[in-house]
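>>> Sequence first, predicted coordinates after that:
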Amino acid sequence: MFGLIWAAPNTPVRTYIAIGDKPWFLEYHWRGLQVLAGNSYVLFGLLLLVVLGFTTLVISAPPRSPADAAPGAATARMSDVAAGAARR
């Protein structure tokens, strides 16, 4: 992952310090996959934010009904259905 962050073309730091910022530096001319590689840490951070947000919503969601929260809710409902069918 961290190798991908540095995969896009960039100007050596010593050159930048020596002559300052210039419009012909490589950072200003990225195309296609170079843009994705150069901004991969931002994209990964956004993906992580979405995953954590979705996980938080799923975990903090209340149960759908009180019967769903009870441990034997499914068994109780099936026996109620069977008892109703026996009455008919």
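Ah, there it is. Numbers count the residues shown, from 1 in each chain.

>>> For the helix or strand where Leu36 lies, name the packing helices and strands.
Using DSSP states H and E, Leu36 falls within helix 33-38. Under the contact criterion of 3 or more Cβ pairs under 8 Å, 6 or more residues apart in numbering; DSSP states H and E, helix 33-38 touches helix 2-5. Every residue, glycine included, has its C-beta placed from N, CA and C.

>>> got a list of contacts for the next helix or strand along the chain from the helix it packs on?
Of the helices and strands lying after helix 2-5 in sequence (DSSP H and E), the nearest is helix 13-19. Outside helix 13-19, the residues that touch it by Cβ atoms under 8 Å, 6 or more residues apart in numbering are Phe25.

>>> Quick one: mean pLDDT over helix 13-19.
Average pLDDT, helix 13-19: 87.

>>> Buried residues in the helix or strand just after the helix holding Leu36, which are they?
Following helix 33-38 in sequence order, the next helix or strand is helix 40-60 (DSSP H and E). If you call a residue buried by 16 or more other Cβ atoms under 10 Å, then helix 40-60 has these buried ones: Ser40.

>>> ok, Pro52 to Gln34 distance?
Rather than Pro, residue 52 is Leu. From Leu52 across to Gln34, the span is 28 Å (Cβ to Cβ, to the nearest Å).

>>> what does Val42 give?
14 Å.

>>> cool, Val51 as well?
26 Å.

>>> again with Pro23
For Pro23, the distance to Gln34 - Cβ to Cβ - is 17 Å.

>>> Of the two, which one has the most company?
Gln34 (16 against 6; other Cβ atoms under 10 Å).

>>> quick one on the thing from earlier: show me which residues of the helix holding Leu36 are buried.
For helix 33-38, by 16+ other Cβ under 10 Å, it's Gln34, Ala37, Gly38.

>>> Please name the residues that touch the residue lying closest to the last one once chain neighbours are set aside.
On the basis of Cβ to Cβ, 6 or more residues apart in numbering, the spatially nearest residue to Gly38 that is not a chain neighbour turns out to be Ala8, at 3.3 Å. Contact partners of Ala8, counting by Cβ under 8 Å, 6+ apart, are Glu27, Trp30, Gln34, Val35, Ala37, Gly38.
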